[in-house]
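> Provide a 3D model corresponding to the input given below.
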Amino acid sequence: MNNEKQLKRRIKYIIVIPILLALILLGFEIYENGVNSRVGMVSIVLLVIYIIVVLILYLRMIPAISSVLVDYSLEQGKIQKELLQELEIPYAILDLSGRIMWANNPFHDTVGVAREKRIRKTIDSYFPQLTPELIGDGNDVETSIEYEDKHYKVAIRRVDLSKVFDENKEEAKDDDIVLAVYLFDETELKHYKQETIDQKLYAGLIYLDNYDEVMDSLEDVKHSILTALIERKINMYLNNIDAIVKHTENDKYFFVFRQKFMQTLRDDKFSLLDEVKNINVGNEISMTLSIGIGSDSDSDANSFLSAYDNARTAIGMAMGRGGDQAAVKFGDQVTYYGGKSAGTEKTTRVKARVKAQAFEELLLSKDKVLIMAHKRPDADAFGSAIGIYRMVKSLGKKAHIVINEVTDAIKPLYSTFKVGNQYDGVFLTSNEAVTEVNQNTVVVVCDVNRPSMTECEELLSLVPTVVVFDHHRQTTEAISGATLSYIEPFASSACEMIAEMYQYISKNPRLKSQEADAMYAGILIDTDNFLTKTGVRTFEAASYLRKSGADITRVRKMFRSTMLEMKERAQGISNASVYMDHFALSYVKPDPDSADAPTVAVAKTANELLNVENITASFVVTEADDGILYVSARSIGDVNVQVVMEKFNGGGHANVAGAQLKGETKDHFFEELKKVLAEMSESGEI
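Numbers count the residues shown, from 1 in each chain. The predicted structure follows:
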């Protein structure tokens, strides 16, 4: 109706404008020739006749034009309605409550209602995702839904009926508003997209963790048998995912496969780890392997070089966590599988020698070293820092140790270095250390590999050269860009690693007696008096420190428990409860008169609970005044407490781990811990 009025108005203009022009021409003719001249009279008559004819034609044609316009509009409406009815895209009109007012034939077919029947239900009766809250929020909506194994993109548009007839009219009340719904079938498109994604290549690396150690312990005649069995297991496993595998070295394999099989590996939880571990041809040590898988982080691209780089990073992280596990790296996200065993100690010291020589060469062009460990340092952190300090001093370089808090765990050791003035200026706070930085400064991080746990994280970004010495398993958060990194998860302590490196420094550094005591104490505490994570190299390192002047009796006197600590340990044992027949859970309540949290008592309580029959893992906590919940986790046997603590953003070793939780209560923590232990036990992760 509105279009008809506009069209009539335009036709009127077409008729009126020539008449106006004729009148102007008539006036001009009278002005030029006058009324009395013959030419003027003829012109005037002709123009008047023209105007009259035009007016008559206009008046007689208007009804005919209107009739034609009406017929045309009706015909067009029928055509448009027919086209809309048979439009291949399912289309419907709703009111604001979601009730279907009208729908075309494809919409009827989609929802399974006969075409001749009227749909009386609301849209969410067929598509539950299209809730009244979604469609009635006053805005146009675009969303994706699934319906009967098909994928649809849904577009919902608000239509103001009052504006259809008057474009200048403001939006009317809700009674005049309807919703137009379009369903675009994207099933085939999504299928092809998924097919493209499934064809994307993943790169994988397999390293045998303890190849040399196993072969050395096995008779020569059985070497080929073991190798053949391992290779057969690997080939059969990878054939199930249609992978191409290449044996590149004695203990290394490279393979590629399509992304569509990645979920198969995840569901299988990389059973190859256990299959290879169970191979036995008379070998006393089980062969374990690590798997690293990488993918290009850009989902729209397919850079195989990027996938291979991620695979190399993943295998490095798997090995850095102790091996016997798989790491999958997609972009910045890393997922771990396996890792239940504590790993096998490396008998060779080649790595220690290489790292010691590399560290010595690195310091040649430097003039200052800043050494730091983790926050709230323990005996191992302090002892390894002291060991690095003496090593650096023997090479003729200046060195400082960054320490902000002298905890009860290191107070007996620290006090021996405050006697006299020999170590004046050695210990700096974080603020003091920052002022010492220049471009020829090296920052050495020991007993930690997570930047957020270091004494002064800011130092890592202020210097171009960072060195990391640590024995903890790596997590996703790690110090990136380290010039030299020596992470040995098989070592009992950082002090053990540093003691080994001493024997390969060309300047033959000599430890002072209190320095040897500090390093010996670090090994002693981290191994719980040589009971945990103790190997041949641990005793060799302790023997070296003993020769360097460490006094066993003096160290033992330093770390005798106070009466308060003994009571706290007794309290922790008294509070213990057993969960799932194998896990001991307990807590130690801090003494209100003590300024420090009883973290040492908590750790010792966790160790002592492992002496209880049938207990395979213990978890002991304490709530400190600073709002932090300190957790100590210990295990004996096959339970890997590191993977448990990683669920709480902690870490450590397979048998010794911990976490620090800010703003957490012990009751809530134990509830979450029980859920984690139940889930991980059921899935076979621990």
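> Could you use CA atoms for every contact and neighbour count after this?
Fine.
> Parallel or antiparallel, list what pairs with whichever strand or helix holds Y182.
Following DSSP states H and E, one finds Y182 within strand 177-185. Applying DSSP bridges to the sheet, strand 177-185 is found paired with strand 91-94 (antiparallel), strand 150-160 (antiparallel).
> which SS state does R120 fall under?
coil (DSSP: H, G, I helix; E, B strand; the rest coil).
> Apologies, that question was intended for F670.
Criterion first, three-state DSSP; result for F670: helix.
> Could you report the neighbour count for it?
F670 is flanked by 17 other residues according to other Cα atoms under 10 Å.
> Look up how far G652 lies from it.
Distance of F670 to G652, given as Cα to Cα, to the nearest Å: 19 Å.
> repeat for G112
59 Å.
> ok, those two, which is more surrounded?
In this view G112 and G652 are compared by other Cα under 10 Å, and G652 has more residues nearby, 24 against 10.
> Who does that one form a beta bridge with?
Residues in beta-bridge contact with G652 (DSSP bridges): A657.
> show me the contacts for it.
Shown in contact with G652 (Cα atoms under 8 Å, 6 or more residues apart in numbering): 472-473, 642, 658.
> Give me the subset of those that lies in strands.
In strands, defined here by DSSP state E, the members of the contacts of G652 are G658.
> From the contacts of G652, which one has the minimum pLDDT?
When these are compared by pLDDT, R473 scores lowest at 75.
> And that residue, how far from Y486?
Counting by Cα to Cα, the gap from R473 to Y486 is 12 Å.
> More neighbours: which of these two?
Neighbours around R473 and Y486, counted as other Cα under 10 Å, are more numerous at R473. The numbers are 24 against 21.
> Let me see the contact set for the more buried one.
320-322, 487-489, 651-653 are the contacts of R473 under Cα under 8 Å, 6+ apart.
> ok, now S290?
Taking Cα under 8 Å, 6+ apart as the test, what S290 contacts is 206-209, 273, 315, 318-319, 323-326.
> Try it again at 7 Å.
206-209, 315, 318-319, 323-326 (Cα atoms under 7 Å, 6 or more residues apart in numbering).
> Tell me which other helices or strands the helix or strand that contains E496 touches.
With secondary structure defined by DSSP H and E, E496 is part of helix 494-502. Applying 3 or more Cα pairs under 7 Å, 6 or more residues apart in numbering; DSSP states H and E, we find helix 494-502 packed against helix 350-362, helix 379-394, helix 513-526, helix 536-547.
> distance between whichever helix or strand comes after the longest one and the chain's centre?
Scanning forward in sequence from helix 379-394 by DSSP H and E, the next helix or strand is strand 398-402. A distance of 35 Å separates the C-alpha centroid of strand 398-402 from that of its chain, computed with Cα atoms, centre = their mean, to the nearest Å.
> Nearest residue to V113 in space, please, no chain neighbours.
I119 (7.2 Å; Cα to Cα, 6 or more residues apart in numbering).
> need the strands for the stretch 551-686 of the chain, in chain order.
For the stretch 551-686 of the chain, the strands defined by DSSP state E, counting those that start in this stretch cover 577-579, 583-587, 617-623, 628-635, 651-652, 656-662.
> Centre of the chain to the fourth one, how far?
Computed by Cα atoms, centre = their mean, the chain-centroid distance of strand 628-635 equals 24 Å.
> who's in contact with that strand?
The contact list for strand 628-635, computed with Cα under 7 Å, 6+ apart, reads 599, 602-603, 606-607, 610, 616-623, 641, 655-665.
> With the first one instead?
Residues lying outside strand 577-579 but in contact with it, judged by Cα under 7 Å, 6+ apart, are 584-586.
> Note down every partner strand of it and its orientation.
strand 583-587 (antiparallel).
> so how far is the strand it pairs with off the chain centroid?
Computed by Cα atoms, centre = their mean, the separation of strand 583-587 from the middle of its chain amounts to 30 Å.
> If you tally nearby residues, what's the number for L55?
L55, neighbours per other Cα under 10 Å, totals 15.
> in the stretch 451-600 of the chain, what spans have low per-residue confidence?
Residue ranges of the stretch 451-600 of the chain with pLDDT under 70: 595.
> rerun at 90
452-453, 461, 471-483, 485-492, 503-509, 525-537, 552-553, 555-566, 589-600 (pLDDT under 90).
> now the stretch 101-250 of the chain
101-201, 209-224, 249-250.
> Swap in 80 and give it another go.
120, 135-139, 159-177, 194-198 (pLDDT under 80).
> Quick check: end-to-end length of stretch 400-412?
First-to-last residue span, stretch 400-412, Cα to Cα: 20 Å.
> buried ones in it?
Using 16 or more other Cα atoms under 10 Å as the test for burial, stretch 400-412 gives 400-404, 406-410, 412.
> Now flag whichever of those is closest to L363.
The closest of the buried residues of stretch 400-412 to L363 turns out to be H400 (Cα to Cα; 14.4 Å).
> for that closest one, what are its contacts?
369-371, 426-428.
> Cross those against strands and list the overlap.
Using DSSP E, the contacts of H400 in strands are 369-371, 427-428.
> ok so, going back, pipe the buried residues of stretch 400-412 into CSV and attach pLDDT per row.
What follows is these, written out as CSV (pLDDT from 0 to 100):
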residue, pLDDT
H400, 94
I401, 94
V402, 94
I403, 93
N404, 91
V406, 88
T407, 84
D408, 80
A409, 83
I410, 89
P412, 89
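> Just flag the most distant two among those.
H400 and D408 (21.5 Å).
> could you measure the residue nearest to L661 when sequence neighbours are not counted against T622, distance?
Excluding its sequence neighbours, the residue lying closest to L661 (Cα to Cα, 6+ apart) is L629, at 5.0 Å. According to Cα to Cα, L629 stands 6 Å off from T622.
> doesn't S125 make contact with R99?
No: using Cα atoms under 7 Å as the test, R99 is too far from S125 to be in contact (9.6 Å).
> Who has more neighbours out of the two?
The neighbour count for R99 versus S125, taken as other Cα under 10 Å, is higher for R99 (18 against 13).
> For the more buried one, which residues are in contact?
R99 neighbours (Cα under 7 Å, 6+ apart): 121-123.
> Check E284 too.
S217.
> Give me the number of neighbouring residues for the nearest residue to D447 once chain neighbours are set aside.
Leaving aside its chain neighbours, D447 sits nearest to D470 (4.5 Å; criterion: Cα to Cα, 6+ apart). Using other Cα under 10 Å, D470 is surrounded by 25 other residues.
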